[in-house]
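A.B. asks: Sequence plus predicted model, see below.
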Amino acid sequence: DAGVIQSPRHEVTEMGQEVTLRCKPISGHDYLFWYRQTMMRGLELLIYFNNNVPIDDSGMPEDRFSAKMPNASFSTLKIQPSEPRDSAVYFCASTFGTPAGQGSDEQFFGPGTRLTVL
Amino acid sequence: GQSLEQPSEVTAVEGAIVQINCTYQTSGFYGLSWYQQHDGGAPTFLSYNALDGLEETGRFSSFLSRSDSYGYLLLQELQMKDSASYFCAVRGTNAGKSTFGDGTTLTVKP
């Protein structure tokens, strides 16, 4: 398997524009996570899905952010309109869920999308 | 909710042993994970402790004490390539969701 795939790897856009980040999880994984990483705030969980259903979106900063997972092999994170403070590295990660307390709890991260909003 | 504390920076010399501590507060807890992240890279999984005690994987070991809400990552025979950030993460009882600490930047010097 190629691992978690994210596109684009780099995105530079202007304030007010719409940005769409894409993720293809590892085949067979039933959990998908979107994270944002900045120097100031560290690694933050934005939203996660289980079997394509959003489970917890409490980390989504505001209504400008939305995420979808139309099928098991694809997810998008959209920012509309984008603002300079959205500049960060956005990671997608996936894992195969195990009963609580069992398994390795290993999350597989994609290479990330470095977003710069001017 | 969940919160984790780990030192922001640690420096050690090649060949030495270093321990990175992590204390956590959580309302429900299943296990503690450790991830490594090199500059410009993505976090990669190192270890997971669901039970108290020591887990060893090569030069890296991880320890958990549930009664003390404490864990650590032990790196032995340090190499220059171990210079990276190390994150602890708590898997809470909201199954599937982990909270990450702010990370510890390890610098290995010759």
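C.D. replies: That came through, no problem.

A.B. asks: who are the neighbours in contact with the residue nearest the centre of chain A?
C.D. replies: In chain A, the C-alpha nearest the mean C-alpha coordinate belongs to A:W34, at 2.4 Å (C-alpha atoms, centre = their mean). Going by C-beta atoms under 8 Å, 6 or more residues apart in numbering or on different chains, A:W34 touches A:C23, A:L45, A:L46, A:I47, A:Y48, A:A67, A:S75, A:L77, A:Y90, A:F91, A:C92. Where you see a C-beta, it was placed from the backbone N, CA and C, and this is true even at glycine.

A.B. asks: And A:F74, by the same measure?
C.D. replies: Contacts of A:F74 (C-beta under 8 Å, 6+ apart): A:R22, A:C23, A:K24.

A.B. asks: Figure out the helix or strand that the closest residue to the second one other than its chain neighbours lives in.
C.D. replies: By that I understand A:C23. Residue nearest to A:C23 in three dimensions, not counting chain neighbours: A:C92, with 3.4 Å by C-beta to C-beta, 6 or more residues apart in numbering or on different chains. Assigned by DSSP states H and E, A:C92 belongs to strand A:88-95.

A.B. asks: helices and strands around that strand, which ones?
C.D. replies: Under the contact definition 3 or more C-beta pairs under 8 Å, 6 or more residues apart in numbering or on different chains; DSSP states H and E, strand A:88-95 sits against strand A:5-7, strand A:19-24, strand A:31-38, strand A:74-79, strand A:108-109, strand A:113-117.
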